[in-house]
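1. Model the following, please.
(2 chains)
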Amino acid sequence: MDELLRLLKENALETPRNLAKLLALSEEQVKARIAEYERQGVIRGYQAVVNEDLLGLDRVSAVIEVKITPEREGGYDLIAQRISKFPEVDSMYLMSGGYDLLVFVKGRNLKEVAFFVSDKLATISGVVSTGTHFMLKTYKDSGILMTAEKEQERLQVSP
Amino acid sequence: MKTPRNSYVARHLVDVPRSGIRDFFDIVSSRKGVISLGIGEPDFVTPWHICEAAIFSLERGATAYTSNLGLMELREEIARYTERVYRVTYDPRTEIIVTVGVSEAVDLAIRALLEPGDEVLYHEPCYVSYGPVITFAHGRAVAVATRREDEFRLTRAALEAKVTPRTKALLLNFPTNPTGAIMARADLEDIAAFAREHDLIVLSDEIYAELTYEGEHHSIAALPGMKERTIHLNGFSKAFAMTGWRVGYACGPAELTDAMMKIHQYTIMCASTMGQKAALEAMRSGDADAAFMRKDYEKRRNYICASFKEMGIPCHIPKGAFYAFPYIGEFGLSAKEFCLRLLDEENVACVPGTAFGPSGEGFMRCAYAANLNNIKEAMTRLARFTAKLRQ
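-> Numbering: from 1, shown residues only, chains lettered A, B, ... in the order given. All right, here's what the predicted structure looks like:
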């Protein structure tokens, strides 16, 4: 992957000036490349990684394994797109193995998620079965540990 | 009764000064909230798969001594590694010894070679221990200054000026701590010709070889006619972020390896078994870790060099290791005064160039194996500090 993208994935707030210094490029070059990535749709957005467990929100997250019947001419994509448009769906992947789609959903409470599954998801034509798993605790999200480990002591000056 | 001595400490040891780093460390340790660019070790934790392999070995009860030379399977991996990466072939049975860090390997090599009064050439500014280790072995440490104009590369002309009939060895460290200098193949060929002509053994400390950012690292042992007169010294500390494990190694002609083994056997016995198991894992599947860290250091290097440029502080581009060595001579302060004032006024710790030998005067060492946020903050403070000095 382009080092510029790698740096932005690590910290999307890094300024173009600093990015330029890190990559030995000019600030204009960095800005132009970011703009190009945005135009191409390679960069699709910038978000903060939030540890929601610390916020005491009454929210639940679930992962749903969905089996579907692929449609003629549409394959998996048509049904998948239909499901992915629901605002409850946070992220979603086509999988190999025992089921077809892995759907991450968020809701205010268990009831809301259950309603989404039974009323909206399961009733879509082509959906054969669903298996819902509720998440209990987040340890790591987007490559970031949710509990900071104590930094190991190092000598302040060493040869 | 015998008259009491003034001191019981061996004379040749008394005359060796304490490391300049140590003095500076004491000052820095007495302060709070210091941003340190004085740390000569990776800021990464050892990759987890390496730690896990060591834990597994403990669970399996691998807690006994190993062979004096080190675990055979580790020596075999080292042989494969040096062949693959440095293009030199060593026999793991007779030409490789595993040591307690590359520091011990340097000491063993020096002691195996020197008789009292023998001279060793080494380039300076350099890692703090070379001179003292030679002195401890009753040798004469002969420093050869390298210059900013040459990007701190070692030249044959500089060596010719210092070689004598007593010169027995030449100690190299490229990429260099503290200058980040590297040697291109053509540069090494000159040095190799010099070593052959004067019949010198070359001790090549290549601990930073994996951290080469521009061009390819060349090992002098790989040049024609050099394997038989080179001791290749290396370790796991820098490439795999394993400083605390203390595992290094030396590869060289069987006769010399055997002599080193003799000292090692009677003084150390063997490198720690747990450390050797971790090193084995690093050799077998640590390439990706080393590559990842190198990329990260490279970006920090770019940042720090760009910052010096903005400040108008001359700094040659370090092509290896993780140190920048900017020239701070324009401010009319000695390197030590500069660093002390920087510490006092901005709470930023950099190491005065003189800690690495007198030819380091006018320079300071800034290690960029530090957290990027700390580097950014240190550069902001340094810019403020130098602007104030220029007023």
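2. Just give the closest residue to B:L372, not the sequence neighbours.
-> Excluding the flanking residues, the one nearest B:L372 by Cβ to Cβ, 6 or more residues apart in numbering or on different chains is B:R300, at 6.0 Å. Where C-beta positions appear, they are placed from N, C-alpha and C, glycine not excepted.
3. Please name the residues that touch the one you found.
-> The contact partners of B:R300, taken as Cβ atoms under 8 Å, 6 or more residues apart in numbering or on different chains, are A:22, B:322, B:368-370, B:372, B:375.
4. quick one: which of the residues you listed is most hemmed in?
-> With neighbours taken as other Cβ atoms under 10 Å in any protein chain shown, the top of the contacts of B:R300 is B:F322, carrying 30 neighbours.
5. residues contacting the closest residue to that residue other than its chain neighbours?
-> Nearest residue to B:F322 in three dimensions, chain neighbours excluded: B:A369, at 4.1 Å (Cβ to Cβ, 6+ apart). Listed by Cβ under 8 Å, 6+ apart, the contact partners of B:A369 are B:39-43, B:297, B:300, B:322.
6. Report pLDDT for B:A369.
-> As predicted, B:A369 sits at a pLDDT of 93.
7. Scan the contacts of B:A369 and report the most crowded one.
-> In terms of neighbours by other Cβ under 10 Å, the contacts of B:A369 top out with B:F322 at 30 neighbours.
8. which ones are touching that one?
-> The neighbours of B:F322, taking Cβ under 8 Å, 6+ apart as the test, are B:42, B:180, B:208, B:211, B:238, B:297, B:300-301, B:367-369.
9. so B:H316 sits in a strand?
-> No - counting by DSSP: H, G, I helix; E, B strand; the rest coil, B:H316 is not part of a strand but coil.
10. Distance check, it against B:S237.
-> 25 Å (Cβ to Cβ, to the nearest Å).
11. The two: which is more packed in?
-> The residue with more neighbours, out of B:H316 and B:S237, is B:S237; 23 against 18, by other Cβ under 10 Å.
12. Quick check: phi and psi at the more buried one.
-> With angles defined as degrees, to the nearest 10, B:S237 sits at phi -60, psi -50.
13. From chain A, how far off is it?
-> Taking Cβ to the nearest Cβ, to the nearest Å as the measure, B:S237 falls 11 Å from chain A.
14. What is the burial count for A:L57?
-> When neighbours are defined as other Cβ under 10 Å, A:L57 has 11 of them.
15. Oops, could you answer that again for B:V88 instead?
-> For B:V88, the neighbour count with other Cβ under 10 Å is 19.
16. contacting residues around the residue in the stretch 51-200 of chain B that chain A sits nearest to?
-> Per Cβ to the nearest Cβ, B:V128 is where the stretch 51-200 of chain B lies closest to chain A, at 4.8 Å. Contact analysis of B:V128 by Cβ under 8 Å, 6+ apart lists A:159, B:19-21, B:355-356.
17. can you do 7 Å?
-> A:159, B:19, B:21, B:355-356 (Cβ atoms under 7 Å, 6 or more residues apart in numbering or on different chains).
18. Which of those fall in helices?
-> Counted as lying in helices by DSSP state H, out of the contacts of B:V128, are B:I21.
19. Drop the exposed ones from the contacts of B:V128 and show what's left.
-> For these, a neighbour count by 16 or more other Cβ atoms under 10 Å in any protein chain shown gives the buried set as A:159, B:21, B:355-356.
20. number of nearby residues for residue 104?
-> Defaulting to chain A. Using other Cβ under 10 Å, A:F104 has 15 other residues around it.
21. Oops, wrong one, chain B.
-> 25.
22. same deal with A:A48?
-> Using other Cβ under 10 Å: A:A48 sits among 7 other residues.
23. Ok, B:P132 next?
-> B:P132 has 17 neighbours, counted by other Cβ under 10 Å.
24. Grab the nearest non-local neighbour of the closest residue to chain A within the stretch 151-300 of chain B.
-> With Cβ to the nearest Cβ as the measure, B:K299 is the residue of the stretch 151-300 of chain B nearest to chain A, at 4.2 Å. Among residues not flanking B:K299 along the chain, A:L22 sits closest, at 4.2 Å (Cβ to Cβ, 6+ apart).
25. Buried residues, the helix or strand encompassing that neighbour. List them.
-> Per DSSP states H and E: A:L22 is located in helix A:16-23. Buried positions in helix A:16-23, judged by neighbour count with 16+ other Cβ under 10 Å: A:16, A:18-23.
26. Packing partners of it?
-> helix A:3-10, helix A:27-40, helix B:287-311 (3 or more Cβ pairs under 7 Å, 6 or more residues apart in numbering or on different chains; DSSP states H and E).
27. Can you tell me which of those helices is packed in deepest?
-> Compared across those, helix B:287-311 shows the largest average neighbour count, a mean of 19 (mean count of other Cβ atoms under 10 Å in any protein chain shown).
28. from the middle of its chain, how far away would it be?
-> Chain-centre distance of helix B:287-311: 18 Å, with Cα atoms, centre = their mean, to the nearest Å.
29. so B:R111 makes contact with B:I263?
-> Yes - the criterion here is Cβ atoms under 7 Å, and B:R111 meets it with B:I263 at 5.5 Å.
30. Contacts only, for the residue nearest to B:K299.
-> Residues counted as contacts of A:L22 (Cβ under 7 Å, 6+ apart) are A:7, B:299, B:302-303.
31. I'd like to know which residues of chain A are adjacent to chain B.
-> By the rule Cβ under 7 Å from any Cβ of the partner chain, the part of chain A lying against chain B is A:3, A:21-24, A:152, A:154-159.
32. Please parse chain A into its domains.
-> As assigned by automatic domain parsing, chain A contains the domains A:3-40, A:52-137.
33. so where's the chain shaky on pLDDT?
-> Answering for chain A, as no chain was given. In the predicted model of chain A, no residue satisfies pLDDT under 70.
34. that's the other chain; I wanted chain B
-> Within chain B, not a single segment meets pLDDT under 70.
35. need the helices for it, in chain order.
-> Using DSSP H, helices in chain B cover B:11-14, B:20-29, B:48-59, B:72-81, B:101-113, B:130-136, B:156-160, B:185-197, B:254-267, B:273-285, B:287-311, B:335-346, B:372-390.
36. now, of those, which is deepest in the fold?
-> Mean neighbours per residue, mean count of other Cβ under 10 Å, is largest over the helices of chain B for helix B:101-113, with a mean of 24.
37. where does the spatially most central residue of chain A land in three-state SS?
-> In chain A, the centroid-proximal residue (Cα atoms, centre = their mean) is A:S91; its distance is 5.6 Å. Three-state assignment for A:S91 (three-state DSSP): strand.
38. who's in contact with it?
-> With Cβ under 7 Å, 6+ apart, A:S91 has these contacts: A:F104.
39. which residues does it bridge with?
-> Counting by DSSP bridges, A:S91 forms beta bridges with A:F104.
40. Equivalent analysis for B:V202, please.
-> Beta-bridge partners, per DSSP bridges, of B:V202: B:L170, B:T230.
41. do you know how far it is from B:P165?
-> 18 Å.
42. Who has more neighbours out of the two?
-> Ranked by neighbour count (other Cβ under 10 Å), B:V202 and B:P165 place B:V202 first, with 24 against 7.
43. Residue numbers of the stretch 51-200 of chain B in contact with chain A?
-> B:127-128.
44. please redo it, this time with the cut-off set to 6 Å
-> Contact residues (Cβ under 6 Å from any Cβ of the partner chain) of the stretch 51-200 of chain B with chain A: B:V128.
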